[in-house]
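**Student:** give the three-dimensional model of this entry:
(chains A and B)
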Amino acid sequence: MAKVRRRVVADGDWYLVECALRADGQTSPVSIFIDELASAAWPSEGDGVSDADAQVSTRSWFLAVCEAFAETGEMPRRDYNMLRDGFWEFKHLDFRVSFYDTDGYGNYQPKLQERHPLAGGGYFPLPDFDEIVRLGHPFFKETPRTPESELRTAAAIREEDLSHDRTVDD
Amino acid sequence: MTEPSMTEWTLVEHEEASEVGRLDMAAARLSVQTLTVLNKAVESSGISRRTLAEKIGVSEGRVSQVLNGNGNLQAATVARFLRAVGYQAQLMAVPCDEGVPPLPSPKRGARRSRRRRQRGGWVYQYNLEGTTILPDSVGPTEVVAYGDVHPESFVGSLQISSEKKPTIEAAIVASEEGVGV
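**Tutor:** Numbering: from 1, shown residues only, chains lettered A, B, ... in the order given. Predicted coordinates:
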């Protein structure tokens, strides 16, 4: 199989954040999603002003969070959550983007964290991930729990994506 | 192992290739940074959200709204929240376009120090290593700090007036509390 090429979202001191690929080595659900992100924007809080200069676009926010994560290993707590089986998710408005980490050789080691108690429901501290973080797939969350179908999709994409790394090494 | 092509731009770099994208990313970066710093400050202070709400004079719901928001906040909101948990917001502009000069450094207060000499007291200015570089006489209980005066990473200039020479640690604490020593 030919060497695959993944789109890099951000390349920082802590992590390389890139888009996972499906089995065909071409299709990347999250890459398509980022391209299609609507120019939805939040107004500045408080005074009801919604001038263009006071807005932050959804696309820019997502890229900035990925960049901060790549550069510092951190991101605002409200912007991520731990799922299961080594999957985490970026949270933004009502959409989610699954992600996982890998050593780049087709392996992954789930980084499970205990919930840190804190007013407001607590949070999962970010662990030290392996150096490569792959964005799996986007989905919209309409219920408190992540749908099983989305977790299965995330697992399928991870397996397909990692297979490219194993194939190259063979 | 697959390696990323070094000649390919990241999506962030693509975004910044246009004027609109650069401005959008700048707005998003500061919002992300604001939210991160606010939450760190509140957690580090150990102050509960209820106490924080009481100190600022807003509802707990408002505190949650700010701390769980998108960081696109008004400057006064950021300043109030940080100050209420014992921190002070500082704004710094760093050149990022070619040919743009750094902003002029703030004046270091030498002229004002001389004027205050008549009222007695002392001013001590510290350098990057925390040693005194400018003993001078000025009025008491005045603190002026430039740059980051966090005790663990002191950079910049700290000027403080005192009846007797304070330690750098005492001066930093005093500047954070906004009082003299």
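
**Student:** other SSEs contacting whichever helix in chain B runs longest?
**Tutor:** Ranked by residue count and defined by DSSP state H, the top helix of chain B is helix B:19-45. Applying 3 or more Cβ pairs under 8 Å, 6 or more residues apart in numbering or on different chains; DSSP states H and E, one finds that helix B:19-45 makes contact with strand A:56-57, helix A:58-72, helix B:11-15, helix B:60-67, helix B:75-84. In this view, the C-beta of every residue, glycine as well, is placed from N, C-alpha and C.

**Student:** could these be laid out in TSV, adding distance to residue B:25 and mean pLDDT?
**Tutor:** Compiled in TSV, those are given as follows (distance: least, Cβ to Cβ, whole Å; pLDDT from 0 to 100):
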stretch	distance to residue B:25	mean pLDDT
strand A:56-57	9	84
helix A:58-72	5	93
helix B:11-15	6	92
helix B:60-67	23	93
helix B:75-84	20	94
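
**Student:** now do the buried residues in stretch B:14-30.
**Tutor:** Buried residues in stretch B:14-30, defined by neighbour count with 16 or more other Cβ atoms under 10 Å in any protein chain shown: B:15-16, B:21, B:24-25, B:27-30.

**Student:** contact residues of chain B facing chain A?
**Tutor:** Residues of chain B lying close to chain A by Cβ under 8 Å from any Cβ of the partner chain are B:1-2, B:4-5, B:8, B:10-12, B:15, B:21, B:24-25, B:27-29, B:31-33, B:35-36, B:39, B:43, B:48-49, B:64-74, B:77.

**Student:** got the domain boundaries for chain B?
**Tutor:** B:11-84, B:110-177 (automatic domain parsing).

**Student:** if you look at stretch A:77-85, does any of it touch chain B?
**Tutor:** Yes: Stretch A:77-85 comes into contact with chain B (Cβ under 8 Å from any Cβ), by way of A:77-78.

**Student:** could you tell me the least trusted of the domains of chain B?
**Tutor:** Lowest mean pLDDT of those: domain B:110-177, a mean of 48.

**Student:** point to the helix or strand of chain A where mean pLDDT is at its lowest.
**Tutor:** When the helices and strands of chain A are scored by mean pLDDT, DSSP states H and E, strand A:41-42 comes last with a mean of 56.

**Student:** now the helix ranked longest in chain A: buried residues?
**Tutor:** Across chain A, the longest stretch assigned as helix under DSSP H is helix A:148-169. Buried residues in helix A:148-169, counted by 16+ other Cβ under 10 Å: A:150-151, A:153-155, A:157-158, A:160-165, A:168.

**Student:** next one: stretch B:81-95
**Tutor:** Taking 16+ other Cβ under 10 Å as the criterion, stretch B:81-95 shows B:81-82, B:84-85, B:87, B:89 as buried.

**Student:** would you mind measuring the gap between the ends of it?
**Tutor:** 28 Å (Cα to Cα, to the nearest Å).

**Student:** repeat for stretch A:133-148
**Tutor:** Start-to-end, stretch A:133-148 (Cα to Cα) is 22 Å.

**Student:** try stretch B:66-85
**Tutor:** 14 Å.

**Student:** please apply the same query to stretch A:83-90.
**Tutor:** With Cα to Cα, one end of stretch A:83-90 sits 10 Å from the other.

**Student:** which parts of it are buried?
**Tutor:** A:83, A:86-90.

**Student:** cool, stretch A:97-110 as well?
**Tutor:** A:97-102, A:104, A:106, A:108.

**Student:** do stretch B:34-49 as well
**Tutor:** If you call a residue buried by 16+ other Cβ under 10 Å, then stretch B:34-49 has these buried ones: B:34-39, B:41-43, B:47, B:49.

**Student:** strands along chain A, start to end?
**Tutor:** Using DSSP state E, the strands found in chain A span residues A:8-11, A:16-19, A:41-42, A:56-57, A:80-82, A:88-92, A:95-102, A:132-140.

**Student:** now, which of the buried residues of stretch A:97-110 sits nearest chain B?
**Tutor:** residue A:104 (4.4 Å; Cβ to the nearest Cβ).

**Student:** the closest one touches residue A:131, doesn't it?
**Tutor:** Yes: judged on Cβ atoms under 8 Å, residue A:104 makes contact with residue A:131 at a distance of 7.2 Å.

**Student:** mind listing residues that contact stretch B:76-86?
**Tutor:** By Cβ atoms under 8 Å, 6 or more residues apart in numbering or on different chains, the residues outside stretch B:76-86 that reach it are A:45-46, B:34, B:37-38, B:41-42, B:44-45, B:47, B:52, B:55-56, B:66, B:88-89, B:176.

**Student:** show me where pLDDT drops low in chain A?
**Tutor:** A:1-2, A:38-51, A:118-121, A:168-170 (pLDDT under 70).

**Student:** what number of residues lie near residue A:112?
**Tutor:** 11 (other Cβ atoms under 10 Å in any protein chain shown).

**Student:** likewise for residue A:75?
**Tutor:** There are 21 residues near residue A:75, going by other Cβ under 10 Å.

**Student:** no further questions, thank you.
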